[in-house]
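1. With the input below, show me the fold.
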Amino acid sequence: MRKTGIRTTGVLAMVALGSALTMSVPARQYTWTGSGADNHWANAGNWMPVGVPGTDAEVAVHHGSVFLTNETAELASFTMTGGTLMFSNWTTRLRATEIEIRNGTLTLPPAFRENQMSNRIWMICSNLTVGTAATMDADQRGYLRGQGPGSSTATFGGSHGGRGAASESGWIRPEPYGSLSQPTEPGSGGWSTIGDGGASSGHGGGAIRIDATGHVEIHGVLSANGMPQGDTHASGGSGGSILINCRAFSGSATGLLSARGGHGTHRGSAGGGGRIAVVYDPAAQAQTAPGNPDVRFRAAPGIGGSYPHTAEAGTVYLPDTAFLTSPMRAAQWQGVNVYAGSLATHWEVSELQIDGRIAFPQLETLQVAGNLRINDGGRLTLFSHPTNIVDAHIGFRLDVGGTLSVEDGGKLVLFCDPETGGAPYIECGNLVLQSGGLIDADGRGFGAMIGPSSSTSERQGGGYGGASAAPGPEPVSGVAYAPMLPGSGGGDAAAGGRGGGFVRIGARNRMILDGTISANGHERVSIHRGGGAGGGILLSADRIEGAGALRANGGNSSHEGRAGGGGRIALWRPFLPPSFFRDLAARPLPGNSIERDPARDTPNLTMTVDPGTGGYQPERAGKGTLFFGFMQFGTLVEVRYNQ
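-> The predicted structure follows:
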């Protein structure tokens, strides 16, 4: 019994001693020296003390260039105050409980082909802090020019979150790809068949992925832009991807997440924007980091080249609307299509002020109880969903309880559904369109060879209020007094001009129109192809005044192609609901309507519905229609001119 007791005591003593030793030994600390024969992380000679950092090590990099080709051990911490860390290989991961990048750059090797090893910046941690002097640089380190799922053998900018711009090669561009809420793919390269443009086109942006179980704090720059590398007829690559999974997210206005498309030059095309997602836990975010962190988001398409306005912005995904506070600052929202998991299809806000460039493609209705103001440099884009005549072709509805104002330098962009012609409808208390403000629906109507007055001939233009220079089976469509559709597209689905869109606004009180409302048809994008028809503008309000411009002109053509016909513009007093125009469009005007001098009732506006020019026999293209009407004491009083 005594021996047994002594043996037991000895074992307990050893266990206790072992525990004490374990608790007293600090984590092994490693500092990068770069003294080895190469700059590989896995080279023991590059560390002090000599050896490769193992599990629970505390690692510091203060200078030099580090090359990481495989995943690290699960470190206790990683701190970087300078130098460069390059990730090579798709599965390479930096793993640490705490990661702090105070200064320095995390980056990738050059762009790669589809059949080559791909690369990305990938970190797994509990918490991550990126300081103001730190950068994660994945610019043009995605797919090589002419490579990737969003690339093409024709002259197009790369596609990813948004499509690259159209070009002389036409409209049919590579489609967007990748996940909206968990984007992980690199951007695709641009390509050009014009001159030496292919050799100088841009690569796609790379991929950045952060998987954190705790808090991510961003004060520096995470960049995955697509870019051109040359200058003559070059097409831009698409933006790459940035994915941050975390419990809570914070930062400051010095922080930037950027997946911008690359620019096009001369006859090349701009690249589309990439994809960004910050996926936090909404409950934890509200508790630990409430409000808008002011971190900037950029997924704008590139600029320059042929038809740069057709390049599409990329996407930003957020779990809820916590970051969507008013005013939406220009610095924070830089050309992005925002998707918020909690929004579904309807969003209600008390007021909204737009300084940045932003769109909400998932919405079907946006309700602003107070005022909506689009300031200088701000751009709000509204997308219509497919629809039918039952709901007066309304594919998106914006309701503003107070005043909708588009300031000097502000822009409201309206997209119709290119297949069905569904269009946004806007209703507000007052509309104030300042001089220099723009409501833009140019080329945002029916797609090429689509619409009631389109044609199956690739050379014919689209018609609407006026016929094309070579009319199709239905030369014109709709009625002058109640336009309900956008303009029809020109011939050739790949290269014909899109029709002008449909601007439909009802103001319950006043409209002050000193800026421009434009729904012109697009010109053809290739020779011998038809231009799109001018679109529609339908305005109603108790009072309409101002000295601005309303345009619904047809799209131009060239060579053997035919120009598009003019569109339709109708102004009505007083305010009338969309159901009134839906019903009115289905029947002739009442016989008791009377004519009167238009100068007495029309505002001092410049209104044009001219046909397009150029192409074959442009003089045969028809002018569109202008109409002014009002209801008075239950009588429909009609004024019609230039139709």
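2. residue ranges for the helices of this protein, please.
-> Remark: helices assigned in the chain by DSSP state H are 2-24, 197-200, 282-288, 578-585, 598-601.
3. Just give me the lowest mean pLDDT stretch among those.
-> Among these, helix 2-24 has the lowest mean pLDDT, at a mean of 35.
4. Show me the longest strand that occurs in this protein.
-> Ranked by residue count, the top strand of the chain under DSSP state E comes out as strand 121-137.
5. Counting by contacts, list what that one packs against.
-> strand 75-87, strand 94-107, strand 207-212, strand 215-218, strand 221-223 (3 or more Cβ pairs under 8 Å, 6 or more residues apart in numbering; DSSP states H and E). Backbone N, C-alpha and C define where each C-beta goes, glycine included.
6. hmm, 10 Å instead?
-> strand 75-87, strand 94-107, strand 207-212, strand 215-218, strand 221-223, strand 241-245, strand 248-251 (3 or more Cβ pairs under 10 Å, 6 or more residues apart in numbering; DSSP states H and E).
7. got the angle for the longest one vs strand 75-87?
-> Taking axes from the mean of the first three to the mean of the last three Cα atoms, to 10 degrees, one finds that strand 94-107 is oriented at 30 degrees with respect to strand 75-87.
8. I'd like the average pLDDT over strand 94-107.
-> Strand 94-107 comes out at a mean pLDDT of 98.
9. Paired strands for it, with orientation please.
-> strand 75-87 (parallel), strand 121-137 (parallel) (DSSP bridges).
10. ok, back up a step: could I get the average pLDDT for the longest strand of the chain?
-> 98.
11. How about stretch 377-394?
-> Mean predicted lDDT for stretch 377-394 stands at 82.
12. What residues of the longest strand of the chain count as buried?
-> Applying a neighbour-count criterion of 16 or more other Cβ atoms under 10 Å, one finds 121-125, 127-131, 133-137 buried in strand 121-137.
13. Tell me the gap between it and the middle of its chain.
-> How far strand 121-137 lies from its chain's middle: 25 Å, per Cα atoms, centre = their mean, to the nearest Å.
14. what's the angle from that strand to strand 241-245?
-> Going by the same axes, to 10 degrees, strand 121-137 makes 120 degrees with strand 241-245.
15. quick one: strand 121-137 to strand 207-212, angle?
-> 120 degrees.
16. Was I right to think G161 contacts F297?
-> No - at 11.9 Å, G161 does not count as touching F297 under the criterion of Cβ atoms under 10 Å.
17. So which of the two has more stuff around it?
-> The neighbour count for G161 versus F297, taken as other Cβ atoms under 10 Å, is higher for G161 (33 against 25).
18. before we move on, back to that, list residues touching both of G161 and F297?
-> 259, 276, 314, 316, 336 (Cβ atoms under 10 Å, 6 or more residues apart in numbering).
19. Can you tell me which of those residues is nearest N245?
-> I276 (12.6 Å; Cβ to Cβ).
20. ok, what's across the strand from the closest one?
-> Note on I276: beta-bridge partners I242, V316, judged by DSSP bridges.
21. And the strands in the stretch 451-600 of the chain?
-> 502-513, 516-518, 536-545, 549-551, 568-573 (DSSP state E, counting those that start in this stretch).
22. Nearest to F360, out of the ones you listed?
-> strand 502-513 (18.6 Å).
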